[in-house]
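*Asks:* Build me a structure from this.
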Amino acid sequence: MAGAIIGSIIRSGMLREDEIAIADTDPKKQEQYGKAGHPVRTAAGLVTDCGAIVLAVKPQQMRGVLSDIADAMTPDKLLISIAAGVTAQAVKSAVGFECKVVLAMPNMPLALGYGATALARAEPVSPEEFSFACSIFETGGITEEIPADKMNEIIPINGSSPAFLYRFAQLIADEAQANGIAPGAAMNLFCQAMIGSAKMLMSAGKSPGELVKEVCSPGGTTLAGLAAMEEHGFDSAVRAGFAACVRRAKELADQL
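*Replies:* Prediction:
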């Protein structure tokens, strides 16, 4: 995800490579970023040199990273965390004072300019600082501000949902092949169907339920398919997946 964010910032022209410093524990990645023109720093050095720091680390790594940067943190620094389940208060507690924290939940399509990032502002972040944090992710897609206490609940909506869609696509392709249709042709058609359906959801001015009804003919194939999915627990499975994402985010938060 860090690479996707960096790439989108550079492609947009917002910053150059030499204006984005990098800290990474992997020597190979340090070398890679250095060759690309990025200044390479230690975690503490990054905080010292930069005004805004994106904490693009896994939740399980956050405690160690915050410990490394705590002594270098000052009240003017802005921390932008993309770690699932990690609250602003947890970051502040680990750093040792009421530092400025923005929480962000991006997704991988950001790498192609089609990202969807949810962000939340925690005091004492100013509106201008929050706007800057949003602008980082807007280089790779859309952003939405949400309440900080809903960052766990947003994960299945935009953070994990690409994986759910990929899984659905794979099932469709598998069934296509089982029925004598080339997987490539099926994938092209299904992907375009997803793109078109998304555009209709965003521009048609109709609810998902209304659009479902428009696709379904009385007694037709789509109704039969939807009925069979419901009979086999489709709705329940989606709700269970949503709840599992949120539950796991809370478990990760407890580890910090």
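
*Asks:* Share the number of residues neighbouring Thr87, please.
*Replies:* Neighbour count for Thr87, taken as other CB atoms under 10 Å: 22. All C-beta atoms are positioned from the backbone trio N, CA, C, and that covers glycine.

*Asks:* Excluding residues flanking it in the chain, which one is nearest it?
*Replies:* In space, and not counting its chain neighbours, Thr87 is closest to Ala253: 6.0 Å by CB to CB, 6 or more residues apart in numbering.

*Asks:* Kindly report the same for Leu103.
*Replies:* Nearest non-adjacent residue to Leu103, counting by CB to CB, 6+ apart: Ala120, 4.5 Å away.

*Asks:* next one: Cys50
*Replies:* Distances taken as CB to CB, 6+ apart put Ala21 closest to Cys50, at 5.7 Å, once the chain neighbours are dropped.

*Asks:* okay but the residue nearest to Thr87 is in contact with Met62, surely?
*Replies:* No. Taking contacts as CB atoms under 8 Å, Ala253 lies outside contact range of Met62: 9.7 Å.

*Asks:* sorry, back to before: do you know how far the residue nearest to Cys50 is from Gly64?
*Replies:* Relative to Gly64, Ala21 is positioned 19 Å away (CB to CB, to the nearest Å).

*Asks:* nearest residue to Leu142 other than its sequence neighbours?
*Replies:* Small correction: residue 142 is Ile, not Leu. Once flanking residues are discounted, Ile142 sits nearest to Ala116: 5.6 Å by CB to CB, 6+ apart.

*Asks:* tell me the SS of that neighbour?
*Replies:* Following DSSP: H, G, I helix; E, B strand; the rest coil, Ala116 is assigned to strand.

*Asks:* Would you check that it makes contact with Glu138?
*Replies:* No. Using CB under 8 Å as the test, Ala116 is too far from Glu138 to be in contact (10.9 Å).

*Asks:* In terms of neighbours, single out the busier of these two.
*Replies:* Using other CB under 10 Å as the criterion, Ala116 and Glu138 rank with Ala116 on top: 21 against 18.

*Asks:* Tell me which residues touch the more buried one, please.
*Replies:* Residues near Ala116 by CB atoms under 8 Å, 6 or more residues apart in numbering: Pro106, Asn107, Pro109, Leu110, Gly141, Ile142, Thr143, Glu144, Asn158.

*Asks:* I'd like the distance from stretch 234-246 to the chain centre, please.
*Replies:* Offset of stretch 234-246 from its chain centre (CA atoms, centre = their mean, to the nearest Å): 18 Å.

*Asks:* Surely Ala228 is within a strand?
*Replies:* No. Ala228 sits outside any strand when classified using three-state DSSP, being helix.

*Asks:* Distance check, Ile20 against Leu223.
*Replies:* Using CB to CB, Ile20 is found at 52 Å from Leu223.

*Asks:* Who has more neighbours out of those two?
*Replies:* Each of Ile20 and Leu223 has its neighbours counted (other CB under 10 Å); Ile20 has more, 19 against 15.
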